[in-house]
Structure formats: structure tokens, C-alpha cells
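Visitor: Okay, here's the prediction I keep looking at, along with the sequence it came from:
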Amino acid sequence: QVQLVESGGGLVQAGGSLRLSCAASGRTFSRSPMGWFRQAPGKERDFVAAIGWGDSRTYIADSVKGRFTISRDNAKRTVYLQMNSLKPEDTAVYYCATQSSGSYYNPDEYDYWGQGTQVTVSS
């Protein structure tokens, strides 16, 4: 059984930074692609970032490119989302997820999800 636990969300002013963490258990983490998605009220769950397991290549949504970075620490079984220059439109519940294979961009291709962590950016 795979478990993902996010942390690091909170309330921040526009222009501020947060770092989200996602701790994983139950799967060979070092060989699992990981992704971050977000969902604002009344909206679909959107891709934010993903990181592969082989070469740790990263994939970033255009809406956050240049502001967000994704990284992983296989020894700690943790994936991170560093969020800088936050904007009110970044307000959402952020989820981490893992998959065995498939498109990194499609939430339907992910097998396991965390419970989510709320990020609120005030103007």
C-alpha cells in the first residue's frame, strides 16, 4: 500500500514563498515518477510539476514556470515543490501523486494520491 503525506501549505502574502513536501512510503520511491497537482474551488485538478525517477528530469506547467521547482530526495523518500513569487491565483489545494507509467501531465494516469495541503495566497 502506497501512502503519500503532503505538508508545508499555509497562508502567505503575494510575492512570498512556500516549500511543499510529500513523504512517500510503500513503493520503491526511487523508481517512481512523482507529480504535483492543484485544485482550486470549482475547478479541475491541474498539473503543476512532475519529476521522473531515472534521470530526475523535471516537467513544469507553463503557468508556474520560472517560479516553481520540483525536486526529490530518494534517501528521504520525499519530493518537494518550491514555490516562489506566489500569486493569488496559485491559491488551491496541492496534491502529490505517484504513478507506475503514463503521461506525467494527466491526473488520470496517477495511481496514488496524498490528502492534499491548502495553499492560500493573499493579495
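Guide: Okay, I see it.
Visitor: which residues does the residue nearest in space to the middle of the chain bridge with?
Guide: Centre of the chain computed as the mean C-alpha position; nearest residue by Cα atoms, centre = their mean is Trp36, 2.3 Å away. Beta-bridge partners recorded for Trp36 (DSSP bridges): Ala49, Cys96.
Visitor: That one contacts Ala92, doesn't it?
Guide: No - using Cβ atoms under 8 Å, Trp36 is not in contact with Ala92; the gap is 10.6 Å. (Glycine included, C-beta is placed from N, CA and C.)
Visitor: Tell me where the protein has strands.
Guide: Ranges of strands in the chain, per DSSP state E, are 3-7, 10-13, 18-25, 34-39, 46-51, 58-60, 68-73, 78-83, 92-98, 112-113, 117-122.
Visitor: And for Arg27, the neighbour number?
Guide: 17 (other Cβ atoms under 10 Å).
Visitor: and the gap between it and Ser56?
Guide: 17 Å (Cβ to Cβ, to the nearest Å).
Visitor: With Leu86 instead?
Guide: Counting by Cβ to Cβ - Leu86 and Ser56 are separated by 24 Å.
Visitor: Would you mind telling me which of the two has more residues around it?
Guide: A count of neighbours by other Cβ under 10 Å puts Leu86 above the other of Leu86 and Ser56, at 22 against 14.
Visitor: Hmm, Gly10 and the more buried one touching each other?
Guide: No - assessed by Cβ under 8 Å, Leu86 is found out of contact with Gly10, at 10.8 Å.
Visitor: which residues are common contacts for those two?
Guide: Common contacts of Leu86 and Gly10 (Cβ atoms under 8 Å, 6 or more residues apart in numbering): 18, 119.
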